[in-house]
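> mind looking at a prediction? Sequence and model below.
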Amino acid sequence: MNPTLANLLRLAVCASLFGAANLSHATEGGGTSYPLGAENYMSGAMPPPGFYGQLFVNHYEADNLRGNDGRKLPVDFRVRANAIVPRLIWVSDYTVLGASLALHAIVPLVDVKVSLNGQSQRNSGLGDVIFGPALGFHHSDKFHSILAFDMIAPTGRYDKNDLANPGRNYWVFEPVYAMSYVDPAGLNLDAKVMYDFNRRNPATDYRSGQEFHVDYAVGWGLGNGWVLGVGGYYYRQTTDDNQDGERIDDNKGRSFAVGPSIKYSGKDGWFVTAKWSKETGVRNRAQGDAYWLKLTLPF
């Protein structure tokens, strides 16, 4: 067995959403705690003070693993994952440095099935909860930004001996900066930039490397509530993993996803976005397709 393949299988390389699916005895090698590509249009535009609800619906599927050279690895592999994810947002009347103060919480419900070389397992339940404070800036009628600090808590079920896990069993601290340029009858640009500081998984003594990733969307407003364009994400692991105090080389993850993305805004302040993203340029991760639907409603 080549060293890259042996390392991937030993470290449990797999992609997932709002949780984790793992191979062998760990999940760290190729998964992420943040659901890559979750955000779409309006990611950097904080609404006026009040309570808001969002609902994410996601399906992810992949049937191949890519090694450190980007080539498909010789394993029989498949992952199918679905998530229904409510998010509550409170935008307060308070301002800090001219920005609106807000709090949010994301509570994922995950169903994951993983098959590997004739073995298969399915698990479902609560995933890892994301929460944190944010500051929303309105630089002009069209340009907005958000500065936030998210925390991802290990609330999802995890067993190091399972093939599929809804949770990842470690904390993540994630600074966030999001920007939106919104024109109902013109150019729309969105980018949510994040950097992950992963803590150690106590069940495996494994600490994943730091991660940089950006959710993005580019579209054109038609002036009738519709925005048409493309969206996806960029992901790159920036530092090495380590386990039992030793650094693990040649397993940094990398990927880029792109596909069609649309938005429709109603007259009462609600909007819905949808997109399909196909992953490419993948290293040390599963390569697949993600389908996203997001509904935002004011209370």
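Structure's in. What do you need?

> now the residue nearest to the spatial centre of the chain: phi and psi?
Nearest residue to the geometric centre of the chain (Cα atoms, centre = their mean): residue 35, 1.8 Å. Dihedral angles of residue 35 (phi, psi; degrees, to the nearest 10) stand at phi -80, psi 100.

> hang on, it packs against residue 81?
No - in this structure, residue 35 is not within contact of residue 81 by Cβ atoms under 8 Å, at 9.6 Å. In this view, the C-beta of every residue, glycine as well, is placed from N, C-alpha and C.

> show me what residue 256 is bridged to.
residue 234, residue 280 (DSSP bridges).

> and it, how far is that from residue 280?
The gap separating residue 256 from residue 280 is 6 Å, by Cβ to Cβ, to the nearest Å.

> show me the helices in the stretch 1-150 of the chain, by range?
Per DSSP state H, counting those that start in this stretch, the stretch 1-150 of the chain carries helices over the ranges 3-11.

> pLDDT weak spots in this protein?
For the chain, residues meeting the criterion pLDDT under 70 lie at 1-30.

> what's the single longest strand in it?
When the chain is parsed with DSSP state E, its longest strand is strand 77-96.

> direction included, what does that strand pair up with?
According to DSSP bridges, strand 77-96 forms sheet pairs with strand 50-66 (antiparallel), strand 99-106 (antiparallel), strand 109-116 (antiparallel).

> out of these, indicate the one that is most buried.
Mean neighbour count, computed with mean count of other Cβ atoms under 10 Å, is highest for strand 109-116 among the strands paired with strand 77-96, reaching a mean of 22.

> render the CA-only coordinates of that strand in CSV, please.
Taking Å, rounded to 0.1, in the frame of the first residue of the first chain, the C-alpha atoms of strand 109-116 are listed here in CSV:
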residue,chain,number,x,y,z
LEU,A,109,-29.5,17.7,12.6
VAL,A,110,-27.4,15.3,10.6
ASP,A,111,-27.7,12.0,8.9
VAL,A,112,-24.5,10.4,7.6
LYS,A,113,-23.8,7.1,5.8
VAL,A,114,-20.3,6.0,4.9
SER,A,115,-19.3,2.9,3.0
LEU,A,116,-15.7,1.7,2.7
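
> going forward, begin numbering at 55 instead of 1
I'll keep to 55 as the first residue from here, and by that count the last item is strand 163-170.

> for that strand, what is the distance to the chain centroid?
Chain-centre distance of strand 163-170: 16 Å, with Cα atoms, centre = their mean, to the nearest Å.

> again, but for stretch 143-163
Centre-to-centre, stretch 143-163 and its host chain are 20 Å apart (Cα atoms, centre = their mean).

> what of stretch 215-230?
12 Å.

> rewinding a little: residues of the longest strand of the chain that come out buried?
Within strand 131-150, the residues scored as buried using 16 or more other Cβ atoms under 10 Å are 131, 133-137, 139, 141, 143, 145.

> over to stretch 322-331?
Buried-residue list, stretch 322-331, by 16+ other Cβ under 10 Å: 325-331.

> repeat for stretch 189-199
189-191, 196-199.

> do me a favour and get the end-to-end distance for that stretch?
8 Å (Cα to Cα, to the nearest Å).

> before we move on, the earlier item: can I get the strands paired with strand 131-150 in a markdown table including distance to residue 251?
Below are those laid out as a markdown table (distance: least, Cβ to Cβ, whole Å):
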| stretch | distance to residue 251 |
| --- | --- |
| strand 104-120 | 24 |
| strand 153-160 | 18 |
| strand 163-170 | 23 |
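
> neighbour-wise, which of residue 310 and residue 334 wins?
Between residue 310 and residue 334, counting by other Cβ atoms under 10 Å, residue 310 is the more crowded of the two (16 against 13).
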